[in-house]
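>>> just the structure for this:
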Amino acid sequence: MNCRKFLGIFTALSLCTGAFSYSGHAADAALTHPGEVHGGYVQLYTPAQQQERYVSPEMPLTRASSLPEAFDLREEGYVTPVRDQGAEGMCFAFAAVGACETNLLMQGLESNPETLDLSEAHMGYFLYTQQESPLDPMYGDYIDTAGKGADGGNGIFASAALASGIGTQQELFCSYEDWDSGYSAYQRYSGPYRLHTMETITLVATSSERDVIKGWLMESGGVSVAFSSSYSFYYDNGTSYAYYTQDRSFYEDANHAALIVGWDDSYSRENFPEDRRPDHDGAWLVKNSYGVDLLDDGYFWMSYEEPSAGSYCRYELIPVSEYDDVYEYDGAGYVTAYNYDAAANIFLAENDCLLTETAFYVPAGNGNNVSYEIDVYTLEENTSDPTDGKRVSTISGRVQYGGYFTVPLEEEIELSEGQQFSLVLRLKTSSGSGGYLPIEEDSAINSTFHLQYNARPGESYVLQGRQWTDTSALSGDFGDFGNIPLKALTLRRNSSSSVRLDTVISLTEETDHAETDPIVQAAFQQARDIQSSDTSAAVMEGAAVTLLGALETQTGLVSYPDYFYLNLGARPGDSNGDGKILISDATAALTIYARRGASMTERLRLAESYAMDMDTDGTIEISDATEILRYYAYYGAFGVYPDA
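Residues are numbered from 1 along each chain as shown. Here you go, the predicted structure:
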């Protein structure tokens, strides 16, 4: 492969007992394979290859002149209670979810910090668990490690979860106390919020860099941070706990993540121990995740000069009521980036809809002030060229730091059911050179920690010169390529309804579970409230799977995947959706099988895939066509279908 690559957009995969990390951002550096472990941290680059400063002095600062000397999000009513992660290595989830909670309160999307409680387990479990349904567009994307999220994570992993609809379910429905027993597969995409923006800065050392973090705190809420945590460095000075390691390194020693919720420029250096004292006053107010009985009701002050601090991340969420559907293939973020000329996804519209927004990642290794350009095309049927059609929109702009961004189209684009369309992404660095584009790639951090990715033919493409190549046919230095992490958000043009929600509510009403079980009762009441409201399909489907999950775990009344595919509006065997199962439906399945077997591109809507894939194993084969014929014959003999 001729493309240069950098690995390491993940800055610190923080563990509470150690840290793994993809770090370093030297675009042209020779890569080393994940190797020697230093204090739990896996280093992919030599120190000389690491780009340690990300805030350019030329970049505009966020209201630096108006920043107060001290600020405390608790005083604004934007901080939820201190949680306790216990013995699990879930610090990254507690830090990220805590930041999201502050953001929701700051936006006014939630109003009570005492009762707002998002589920850290939702993030730490499902991001690390293989999808159950092969029909899931993100099937095969997950982080594979024996302990799941309890083995660790980082702010970028957290953003990958939040961007794919994982991590914002209520604690009530996905309780941390149930970690050992696991969670219902229905709950995977059940959260009421989704990531809109995440920005990250690796290291902060100067006053101008600190002003950026302060601006983030005032604009969007708490900021997660990774650092080297050791009990001996939490110093009780009689009035507060002060933290300063003096000689620890972020790249070598970071092993924990927590949440910055404020600052005090006048926090005296005299508050630190005499033999380990920073040079200047000033500290961050940090919310930890070991309960209120440790430190100062769970809080401590970290010196601005703490050398092990890094991977500062801020998060902004949106309610899922702002869209109906998200077209996406990436379910666990990405770990590598290449300087291809462009990267693209091709999607197939499931319904008549309006394309309103796109979402994408900008690898931090591109430096600051990166420009992006996204072209939207409506395409010829089953093309393998993402530009083979009509360009209907171009979106361009700049982002200050690396991260994840959702941007609106200048004008909504009308798409019809079955219309194929593409998003084509290009990035440029501040110098005008081509930027590095994110791509999924199977990568083993060590013998027990593996990032798994999958891509089906006809989904994602990269451009090199004038040639577009399907990523499912490519591999890199560390493993096979997956998809391009590039998403499309749509609104349905017809009024939204949910057969699945209506069906599950009726099913619950036929029992007494909504009266006898408090979790089912809460899920049922939420579903009823949403059923009677004018809201998006995403909200209704979230309520449906939340109720299904509660029924499965609390009562055993259902078992995944019961009722899961009702929202597709398709009958198994009815390939063309005309309400009848005929020989022609089996012929359609055989045609798909033959064309794909000949490496021809053949895209299907999810409803069509479900109808033809009789055993729901993710492939359409001769056996599926045979089963469709059995349905046809059964109906001819008995007047009903076998599954009736």
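>>> quick one: classify the residue nearest to Leu162 when sequence neighbours are not counted as helix, strand or coil.
Distance criterion Cβ to Cβ, 6 or more residues apart in numbering; nearest residue to Leu162, sequence neighbours excluded, is Leu195 at 3.6 Å. From N, CA and C alone the C-beta is placed, and that goes for glycine too. Here Leu195 is strand, with the state taken from DSSP: H, G, I helix; E, B strand; the rest coil.
>>> span of stretch 443-457 from start to end?
Across its full length, stretch 443-457 reaches 20 Å between end residues, using Cα to Cα, to the nearest Å.
>>> please apply the same query to stretch 597-611.
Across stretch 597-611, first to last residue, Cα to Cα, it's 19 Å.
>>> before we move on, back to that, show me the residues around the residue nearest to Leu162 that make contact.
Residues counted as contacts of Leu195 (Cβ atoms under 8 Å, 6 or more residues apart in numbering) are Ser159, Leu162, Ala163, Tyr315, Glu316, Leu317, Ile318, Tyr404, Thr406.
>>> my guess is the first one contacts Gly402. True?
Looking back up the chat, that one is Ser159. No. With contact taken as Cβ atoms under 8 Å, Ser159 and Gly402 are classed as non-touching, separated by 10.6 Å.
>>> got any ranges where the stretch 251-400 of the chain has weak pLDDT?
Within the stretch 251-400 of the chain, no stretch falls below the threshold (pLDDT under 70).
>>> what are the ranges of the strands in it?
With DSSP state E, counting those that start in this stretch applied, the stretch 251-400 of the chain shows strands at 256-264, 283-287, 299-303, 310-319, 325-327, 336-338, 342-348, 353-362, 370-379, 389-399, listed in chain order.
>>> export the ones you listed to JSON lines and tack on mean neighbour count?
Shown next, in JSON lines, are these (neighbours: other Cβ atoms under 10 Å):
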{"stretch": "strand 256-264", "mean neighbour count": "26"}
{"stretch": "strand 283-287", "mean neighbour count": "27"}
{"stretch": "strand 299-303", "mean neighbour count": "24"}
{"stretch": "strand 310-319", "mean neighbour count": "25"}
{"stretch": "strand 325-327", "mean neighbour count": "20"}
{"stretch": "strand 336-338", "mean neighbour count": "26"}
{"stretch": "strand 342-348", "mean neighbour count": "24"}
{"stretch": "strand 353-362", "mean neighbour count": "23"}
{"stretch": "strand 370-379", "mean neighbour count": "20"}
{"stretch": "strand 389-399", "mean neighbour count": "15"}
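>>> need those in CSV (columns: distance to Glu621).
Conversion of the strands of the stretch 251-400 of the chain to CSV gives the following (distance: least, Cβ to Cβ, whole Å):
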stretch, distance to Glu621
strand 256-264, 45
strand 283-287, 53
strand 299-303, 57
strand 310-319, 40
strand 325-327, 26
strand 336-338, 32
strand 342-348, 21
strand 353-362, 31
strand 370-379, 27
strand 389-399, 30
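>>> can you say which of these is nearest to Ile530?
When the strands of the stretch 251-400 of the chain are compared by Cβ to Cβ, strand 310-319 sits nearest Ile530, at 12.2 Å.
>>> what does the pLDDT read for Tyr45?
You'll see Tyr45 listed with a pLDDT of 31.
>>> circling back to that earlier point, can you tell which of the strands of the stretch 251-400 of the chain is closest to Tyr243?
Across those, Tyr243 has its closest neighbour in strand 299-303 (4.6 Å, Cβ to Cβ).
>>> and that closest one, what does it pack onto?
Secondary-structure packing of strand 299-303 (3 or more Cβ pairs under 8 Å, 6 or more residues apart in numbering; DSSP states H and E): strand 241-243, strand 256-264, strand 283-287.
>>> now that strand and strand 256-264, what's the angle there?
Note on geometry: by axes from the mean of the first three to the mean of the last three Cα atoms, to 10 degrees, strand 299-303 and strand 256-264 are set 80 degrees apart in direction.
>>> got the angle between strand 299-303 and strand 283-287?
In terms of direction (the same axes, to 10 degrees), strand 299-303 departs from strand 283-287 by 150 degrees.
>>> so what touches strand 299-303?
Applying Cβ under 8 Å, 6+ apart, the contact partners of strand 299-303 are 82, 225, 227, 234, 240-244, 260-261, 264, 267, 269, 271-272, 278, 282-288, 309.
>>> what about dumping the CA coordinates of that strand to PDB?
Below are the C-alpha coordinates for strand 299-303, written out as PDB (Å, rounded to 0.1, in the frame of the first residue of the first chain):
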ATOM      1  CA  TYR A 299     -13.400  15.800  44.800                       C
ATOM      2  CA  PHE A 300      -9.800  16.900  44.700                       C
ATOM      3  CA  TRP A 301      -7.700  19.700  43.200                       C
ATOM      4  CA  MET A 302      -5.200  18.900  40.500                       C
ATOM      5  CA  SER A 303      -2.400  21.300  39.800                       C
END
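>>> so how far is it from its chain's centroid?
Taking Cα atoms, centre = their mean, to the nearest Å, one finds the center of strand 299-303 at 29 Å from the center of the full chain.
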